[in-house]
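1. Based on what follows, work out the 3D shape:
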Amino acid sequence: MHKILVINPNSNEDVTTKLTAIFRDYPKKRKTKVDCISLKQGPFGIETDEDINNVVPLVLNKIQNKLSSFDAFIIACYSDPGLRESVLVFSAPIYGIHETTVKYCHHQRKNFGVIALGEDSIVRHEKYIDKLNLKKFYVGETSLDIDVNEAVNGESTMDKILKASKYLIEEKNAEIIILGCAGMARYRDSLEELLGINVLDPVQASVDYAIMNL
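-> Residues are numbered from 1 along each chain as shown. All right, here's what the predicted structure looks like:
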């Protein structure tokens, strides 16, 4: 059985716990064991450029320590911290959830919009998509103006995501909604049912892509 390690680069165990629940049936359903871990030395949430830079060596160190135990690695932060550095150092398959999910939308040739935590996140995301040269089907983003912890535990978070998604669909013609933070993963199924279009949790989408390529 293949094994995949999902690395949550922050220290918020609530995020990791909810990610673990998503992949609980993968050994039976996908013949793959998916382990999810937090980086205890990382920030509680990755919300600034400083946070991103600080976790890069932590991500590299964790992959190095786990190379012999896993077949592929997922960096479960929408800023893809450490992705560029790790693929230059290691030969194992390593996926950043932002790059992988945007490439999926591009391959599908469907307009996609992103739900972001804050305005600063949107600036970073747009620069990154420019760098990847994958803006053709990108229709924009909407900010929830919340932090990672509220994304995971906020009582009104679902309503905020639903409202933002409807805006992207109705005003920007989005055909796919990407949840631009791993902390939003638990809302995916409910949102997809309510919206009637494809809603992507980038972590799950990246794990599924990794499994296809093992």
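2. hang on, isn't residue 139 packed against residue 112?
-> Yes: with contacts counted by C-beta atoms under 8 Å, residue 139 reaches residue 112, the gap being 6.8 Å. No exception for glycine: its C-beta is placed from N, CA and C like everyone else's.
3. Ramachandran angles for the closest residue in space to residue 109 that isn't next to it in sequence?
-> Leaving aside its chain neighbours, residue 109 sits nearest to residue 137 (6.6 Å; criterion: C-beta to C-beta, 6 or more residues apart in numbering). When read as degrees, to the nearest 10, the backbone of residue 137 gives phi -110, psi 10.
4. And residue 137, what's its pLDDT?
-> pLDDT for residue 137: 98.
5. before we move on, what SS does residue 73 have?
-> strand (DSSP: H, G, I helix; E, B strand; the rest coil).
6. er, residue 107 I mean
-> Applying three-state DSSP: residue 107 is helix.
7. Okay, helices next: where are they in the chain?
-> For the chain, helices defined by DSSP state H occupy the ranges 13-22, 26-29, 49-66, 83-89, 97-108, 119-132, 148-153, 157-172, 188-195, 202-212.
8. Need those helices in a markdown table (columns: distance to residue 178).
-> Below are the helices of the chain laid out as a markdown table (distance: least, C-beta to C-beta, whole Å):
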| stretch | distance to residue 178 |
| --- | --- |
| helix 13-22 | 16 |
| helix 26-29 | 21 |
| helix 49-66 | 19 |
| helix 83-89 | 17 |
| helix 97-108 | 6 |
| helix 119-132 | 10 |
| helix 148-153 | 14 |
| helix 157-172 | 10 |
| helix 188-195 | 10 |
| helix 202-212 | 6 |
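9. Pull up the overlap in contacts between residue 139 and residue 112.
-> Common neighbours of residue 139 and residue 112, using C-beta atoms under 8 Å, 6 or more residues apart in numbering, are residue 174.
10. Which of the two has more residues huddled nearby?
-> residue 112 (25 against 17; other C-beta atoms under 10 Å).
11. quick one: contacts for the more buried one?
-> Per C-beta under 8 Å, 6+ apart, neighbours of residue 112: 102, 105, 137, 138, 139, 174, 175, 176, 177, 178, 200.
12. same thing but at 7 Å, please
-> 105, 137, 138, 139, 174, 175, 176, 178 (C-beta atoms under 7 Å, 6 or more residues apart in numbering).
13. got a winner among those residues for most neighbours?
-> Most surrounded of these: other C-beta under 10 Å gives residue 178, at 30 neighbours.
14. hey, what's that one bridged with?
-> The partner list for residue 178 in beta bridges (DSSP bridges) reads residue 114, residue 200.
15. what does stretch 133-148 rub up against?
-> With contact meaning C-beta under 7 Å, 6+ apart, stretch 133-148 is reached by 10, 12, 15, 45, 47, 102-103, 105-106, 109-119, 122, 125, 129, 154, 157, 160-161, 164, 167-168, 172-174, 180-181, 183.
16. Just give the number of residues close to residue 113.
-> For residue 113, the count of nearby residues is 26 (other C-beta under 10 Å).
17. if I read this right, it contacts residue 175, doesn't it?
-> No: contact criterion C-beta atoms under 7 Å: residue 113 and residue 175 do not qualify, at 8.8 Å.
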